[in-house]
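Novice: model this:
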Amino acid sequence: MTLQIDALPPAPSDASSTGPPGRKAVSGRAVMLRRLAWLTAVTGLLAWAVQRALPAGGELVNRGGLSLLDDLAATTLHPSLEAGFLTVVLEATATTLALAMLGTAGALVVGLAGGLILSDAAWEASPPWPVRAIRLALRGVLVAVRSVHELVWALFLVSVLGLDPLVAVLALALPFGAQSAQVFGETFDSVPDAPLRALRAAGARPGPALAYALIPATASLLLSYSFYRFECALRSAVVLGVAGVGGLGLELSVSLQSRNWGEVWTLVAALLLLAAAVELWSTRVRSDGAVVTCADWSVGRKRPRDEGRPPQGLSRPTRWSLILTAPAMVAAWWWVGLSPAGLASARTQDLGARLLLDLWPPELPEGGWPVLTGATLDTLAMAVLAMTVAVLITLTVGPWAAGPRSERNGPAAWSRRAVWWVTRLLLLVLRSIPPTVWAVVALLGLFPGVLPGALALGLYTGGILGRLVAEAWETIDLGPRNSLRATGTSRVVSAVAAMTAPSANHLTTYTLYRFEICVRDTAIVGAVGAAGLGRLLTDRLAAFDYPVVTGVLLASLLVSLAVEMLGRRVRRTLRA
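Specialist: Model prediction:
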């Protein structure tokens, strides 16, 4: 899915030719009525979500857990610094980093192979019908694979492979590989294909033609996306600790369950330092390529090489990063003790076959359709409230987190940079702490249900959405604002008049994108006691009730597809 966020239709030649060619002209009044209808629908949806999240006649605040929150806050400045525990933290940090690297590598291999199969540019002509059938089936498989959260994949794989590091690598590689295949396929089709056609016309074989024309033309885009995907894999590797696969996520879960708050704060500090280092490194590599921001990649927007800054050579840190990639992968493989031999063992094959047989046919949970429908509605309500929290965080913090565009010095400029650093750090904290941890903290002060899950997901998503929107706002053209200032318009009026529309467009686009993912992420907080399909799925997995698990997964898939299609429709309406 490629979104042209800032693209405007060409100016019409006369009043009768308004609107894109081949489409009926839409008046400004009709567009306003459509947007008003969507706004009314969103307001009604929010009111419904609030009503469903609030317990009917029951208590909302868990007064017994407030003392635990006080203890957690009181130990903020007293992290555990025992030598033995610090060794555990360092080992867990290395394990998390290694799992993220290996999972990303697997996802990129899957993405490259799948992207070449799905790409139209990779085929000389219209492929024969067997290939078209395979591509259609592959698209369906990729949609199904990426609709299942990586934590759910980990829980499935643990039942077959046990607590093996291969579980985490596969749980990251499968859904991220499915997403990468979609993005890589669109990337291959988005670049000029003249060199590729020239090689084919000269008689080059398909393999060399792709290797010498298509891959080099997209290398910078693929490299940029690879580092963006690595950032996502690092956060997900922490989440997988709930499944017991090791790393910082597992240590955080153990410390939270034992209520050892000093250890919790030490682990959170290690997690923040690791996330900050990886994001700075990723940003530097993407900046050298002068291709896209992570905000562009998150919604599938690919910026051409000639847009924005001119291409530049890779810096020395980036070149060394690429040179050391292979040795780092070898070290990561050795550190976690990865062994694919377990996939070919008779025990794994037997357990895998038994699992597949147990998963089919799907069944309804105990209580039938009312229980499944109620869990589905709780999931939607949780996602709606979570996105409301995330949007509020973005509107409050996002304008300050957008990088300063002025090079002036002085006290005002220095204070603006200081605010920028503080807000960026706040967003980093929000998105680096796993939603499972936010959910555990929320459940200390709130009773289980929709609300603690929505709060946990809202804080986590707010950190991600705030960064995406802030990066997008940094790319807004300041020419219209400066032109208004040149005419004598005040700074405030010129900024509001020239930047409100594109800012709102970016906010709406990324909010809809994150809402689609937020529906999928409700499975995470369900694993630690929140409501929704995630809670029902976790309970049935713990009870080895696999036919019901399949039924819940199918319901989750249908909800995800419905939300994705609705999001596309809303975006088309808003771009009218």
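Novice: wait, isn't R485 in contact with A497?
Specialist: No: using CB atoms under 8 Å, R485 is not in contact with A497; the gap is 10.6 Å. Backbone N, C-alpha and C define where each C-beta goes, glycine included.
Novice: Return the set of buried residues in whichever helix or strand A237 is part of.
Specialist: For A237, the host element (DSSP states H and E) is helix 215-239. Of the residues in helix 215-239, 217-218, 220-239 count as buried by neighbour count, 16 or more other CB atoms under 10 Å.
Novice: ditto for stretch 541-557
Specialist: Across stretch 541-557, burial judged by 16+ other CB under 10 Å covers 541, 545-553, 555-556.
Novice: With stretch 495-502 instead?
Specialist: Buried residues in stretch 495-502, defined by neighbour count with 16+ other CB under 10 Å: 495, 498-499, 502.
Novice: Closest to W129 out of those residues?
Specialist: Using CB to CB, P502 comes nearest to W129 of those, at 44.7 Å.
Novice: State the distance from that closest one to V552.
Specialist: 41 Å (CB to CB, to the nearest Å).
Novice: Could you do A168 as well?
Specialist: A168 is 23 Å from V552, by CB to CB.
Novice: Now do the helices in the stretch 1-150 of the chain.
Specialist: Ranges of helices in the stretch 1-150 of the chain, per DSSP state H, counting those that start in this stretch, are 28-53, 63-74, 83-118, 129-147, 150-161.
Novice: following the last one, which helix or strand comes up?
Specialist: What it means is helix 150-161. In N-to-C order, the element after helix 150-161 by DSSP H and E is helix 165-190.
Novice: Tell me who's in contact with V131.
Specialist: V131 makes contact with W123 under the criterion CB atoms under 8 Å, 6 or more residues apart in numbering.
Novice: Give me the pLDDT value at it.
Specialist: pLDDT for V131: 76.
Novice: now the one 3 residues further on
Specialist: pLDDT, I134: 85.
Novice: Let me see the contact set for it.
Specialist: By CB under 8 Å, 6+ apart, the residues touching I134 are I117.
Novice: So what angle separates the directions of the strand or helix carrying A275 and helix 83-118?
Specialist: If you go by DSSP H and E, A275 is part of helix 261-289. Angle, helix 261-289 to helix 83-118, by axes from the mean of the first three to the mean of the last three CA atoms, to 10 degrees: 40 degrees.
Novice: Now helix 261-289: buried residues?
Specialist: Within helix 261-289, the residues scored as buried using 16+ other CB under 10 Å are 261-268, 270-271, 274-275, 278-279, 281-283, 285-286, 288-289.
Novice: angle of it against helix 215-239?
Specialist: Relative orientation of helix 261-289 and helix 215-239, computed by the same axes, to 10 degrees: 170 degrees.
Novice: elements contacting helix 261-289?
Specialist: Packed against helix 261-289 by the contact rule (3 or more CB pairs under 8 Å, 6 or more residues apart in numbering; DSSP states H and E) you find helix 63-74, helix 83-118, helix 215-239, helix 248-257, helix 294-298, helix 316-323, helix 411-432.
Novice: for the fourth one, what is the average pLDDT?
Specialist: Averaging pLDDT along helix 248-257 yields 88.
Novice: Just the CA coordinates for it, please, in CSV.
Specialist: What follows is helix 248-257 as a C-alpha-only set of coordinates in CSV (Å, rounded to 0.1, in the frame of the first residue of the first chain):
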residue,chain,number,x,y,z
LEU,A,248,15.3,-8.2,28.7
GLY,A,249,11.6,-9.0,28.3
LEU,A,250,11.9,-12.2,30.3
GLU,A,251,13.9,-10.5,33.1
LEU,A,252,11.4,-7.7,33.2
SER,A,253,8.5,-10.2,33.6
VAL,A,254,10.3,-12.0,36.4
SER,A,255,11.2,-8.9,38.3
LEU,A,256,7.7,-7.5,37.9
GLN,A,257,6.1,-10.7,39.2
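Novice: Identify each buried residue in it, please.
Specialist: Within helix 248-257, the residues that qualify as buried are 248-256, counting by 16+ other CB under 10 Å.
Novice: that older thread, packing partners for the helix holding A237?
Specialist: Applying 3+ CB pairs under 8 Å, 6+ apart, one finds that helix 215-239 contacts helix 83-118, helix 150-161, helix 165-190, helix 248-257, helix 261-289, helix 294-298.
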